[in-house]
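Enquirer: Based on what follows, work out the 3D shape:
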Amino acid sequence: MVKWSEPTYLWLLLLVPVAAAGAIVSVALKRRQLARSIDVQLVPVLAASASSGFALLAQLLLVGSFAFLLLAAARPKWGEKLQLYKGRGIDVIIALDASKSMLAEDVKPNRLARAKAELSSLIDGLSGNAVAITAFAGDCYVMCPLTTDLDAAKMFLDIIEPDAMPVPGTDFGRAIDVSSSLFNPQEKNYKALILVTDGEDLGKNTAQAIQRAAEAGVRIFPVAFATPEGAPIPEYDERGNLRSYKKDKDGSTVLSRMNERQLILMARATEGRFLRVEGFSGERLLAELDAMRKKEIGGGSYAEYVERYQTFLIIALVLLIAGLGLSDRRGRWWPDLRVKIKTGHPAPGVGERK
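Expert: Below is the predicted model of the structure:
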């Protein structure tokens, strides 16, 4: 299976057939213009060696070069090779709130989708560190243990959904305890817990969990993906259609609001940093993590897809050179290429030289 590191460039391939059609039309118009500008009887004399076929072939070679250049830019990868990792970094555990309130849409498209997108970009910047993923609602579950394979961590992040959480609610204490258990208990440093939530805690042992984390040297970085005004919690049917909004026992619509004060106290108690979705910057959080004391991380191995863009780039260069060098004159397939590159026009053909 082919994987693409930069798939956005593949959309530009839609321009290739347009460019090919443009080349065909351009050659046809040039031929028609030549027939109109001089006497028909003089065409065989003045342009005896001119070939529309060669002219079209040269332009199609350039279009082909553009197509393969786009494929190279998209960075295709296939085949796996085993990589051994060794470097300096920290252990980073990302605990993602997967409660139903994360489906509220005060943050677009909703809190959970925005959090996943931001975390995916964040993980890309965590090269050199070990990363783990946990998901929590009324209980917490380990989705991915500490690993240096960032692609694997992102894959487990992507499958987290509220429907997969068997215990409803939101329990920060349980999330902190389960996530902290993944750190090495023999170490007092190098531990960062990124708690991503909408900030509505229903747990009863959060304060004790924060205290245990602080004593174990875990620094907590709460990131709130919600607005202070809050939003109703949507409920969907089996087909994903909006059915209604969650209501309390009195029939009133429930608003999910962020408990910002609790998140700030959590960060202060563990020497972490509280961040809100407004103005959230992955670079800022990465800078906070990068400032932490580091340790040797190595000995692990992971399979990595092999980059194959080189082949496409070589083909693109070959087609480019062929397209620039191919003459539109019969019997002179490779005229003075230096002249063509320098002037942008082919070297003078037979019958055109004085």
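
Enquirer: other SSEs contacting the helix or strand containing Leu84?
Expert: For Leu84, the host element (DSSP states H and E) is strand 76-89. Using 3 or more C-beta pairs under 8 Å, 6 or more residues apart in numbering; DSSP states H and E, the elements in contact with strand 76-89 are strand 3-4, strand 295-307. Glycine gets a C-beta too; all of them are placed from N, C-alpha and C.

Enquirer: helix or strand right after the first one?
Expert: Once strand 3-4 ends, the next helix or strand along the chain (criterion: DSSP H and E) is helix 15-37.

Enquirer: so Met143 sits right up against Thr134, yeah?
Expert: Yes - counting by C-beta atoms under 8 Å, Met143 does reach Thr134; the two are 6.1 Å apart.

Enquirer: Have a look at these two and say which one is more surrounded.
Expert: Between Met143 and Thr134, counting by other C-beta atoms under 10 Å, Thr134 is the more crowded of the two (26 against 20).

Enquirer: which residues touch the more buried one?
Expert: Going by C-beta atoms under 8 Å, 6 or more residues apart in numbering, Thr134 touches 93-96, 140-143, 175, 178-179, 182.

Enquirer: Report the buried members of those.
Expert: Buried subset of the contacts of Thr134 (neighbour count, 16 or more other C-beta atoms under 10 Å): 93-96, 140-143, 175, 178-179, 182.

Enquirer: circling back: hey, least reliable of the helices and strands packed on strand 76-89 by pLDDT?
Expert: Ranked by mean pLDDT, the helices and strands packed on strand 76-89 bottom out at strand 295-307, with a mean of 76.

Enquirer: For this protein, just list every one of the helices.
Expert: With DSSP state H as the criterion, the chain has helices at 15-37, 43-46, 52-73, 111-124, 150-158, 172-180, 206-215, 260-269, 282-290, 309-325, 337-343.

Enquirer: excluding its backbone neighbours, what's nearest Leu150?
Expert: In space, and not counting its chain neighbours, Leu150 is closest to Ile123: 5.3 Å by C-beta to C-beta, 6 or more residues apart in numbering.

Enquirer: my guess is that neighbour contacts Lys154, does it?
Expert: Yes - at 5.4 Å, Ile123 and Lys154 qualify as touching, with contact defined as C-beta under 8 Å.

Enquirer: Check the gap between Met102 and Ala303 for me.
Expert: From Met102 over to Ala303 the distance is 32 Å, taken as C-beta to C-beta, to the nearest Å.

Enquirer: Same question for Thr197.
Expert: Distance, Thr197 to Ala303, by C-beta to C-beta: 33 Å.

Enquirer: Between those two, tell me which one has more neighbours.
Expert: Thr197 (27 against 12).

Enquirer: so what's the closest residue to that one other than its chain neighbours bridging to?
Expert: Counting by C-beta to C-beta, 6+ apart, the nearest residue to Thr197 once its immediate chain neighbours are dropped is Asp97, at 3.7 Å. Bridge pairing for Asp97 (DSSP bridges) gives the partners Phe136.

Enquirer: which residues touch Asp97?
Expert: Taking C-beta under 8 Å, 6+ apart, one finds 112, 115, 136-137, 170, 175, 195-198 in contact with Asp97.

Enquirer: and if you look at Ile94?
Expert: For Ile94, the contacting residues are 119, 122-123, 131-134, 153, 157, 194, 196, by C-beta under 8 Å, 6+ apart.

Enquirer: Identify the farthest-apart pair in the residues you listed.
Expert: Spatial extent of those (C-beta to C-beta) is set by the pair Leu122 and Thr134 at 15.2 Å.

Enquirer: Below-threshold pLDDT in the stretch 201-350 of the chain: ranges please.
Expert: 298-302, 329-350 (pLDDT under 70).

Enquirer: any idea what sits nearest the most centrally placed residue in the chain, other than its immediate chain neighbours?
Expert: Nearest to the mean C-alpha position of the chain, by C-alpha atoms, centre = their mean, lies Ser121 at 6.5 Å. For Ser121, ignoring the flanking residues on the chain, the nearest one in space by C-beta to C-beta, 6+ apart is Gly282 at 5.1 Å.

Enquirer: how far away is the one you found from Gly125?
Expert: Using C-beta to C-beta, Gly282 is found at 6 Å from Gly125.

Enquirer: do the same with Arg88
Expert: Distance, Arg88 to Gly125, by C-beta to C-beta: 16 Å.

Enquirer: and those two? which has more neighbours close in?
Expert: Set Arg88 next to Gly125 and count neighbours by other C-beta under 10 Å: Gly125 wins out with 16 against 13.

Enquirer: Contacts only, for the closest residue to that one other than its chain neighbours.
Expert: Using C-beta to C-beta, 6+ apart and skipping the chain neighbours, the partner closest in space to Gly125 is Leu286 (4.8 Å). Residues in contact with Leu286 (C-beta under 8 Å, 6+ apart) are 122, 125-126.

Enquirer: In TSV, list these along with pLDDT and distance to Lys30.
Expert: As requested, the contacts of Leu286 are exported to TSV (pLDDT from 0 to 100; distance: C-beta to C-beta, whole Å):
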residue	pLDDT	distance to Lys30
Leu122	93	54
Gly125	90	51
Leu126	91	55
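
Enquirer: I appreciate the help and will end here.
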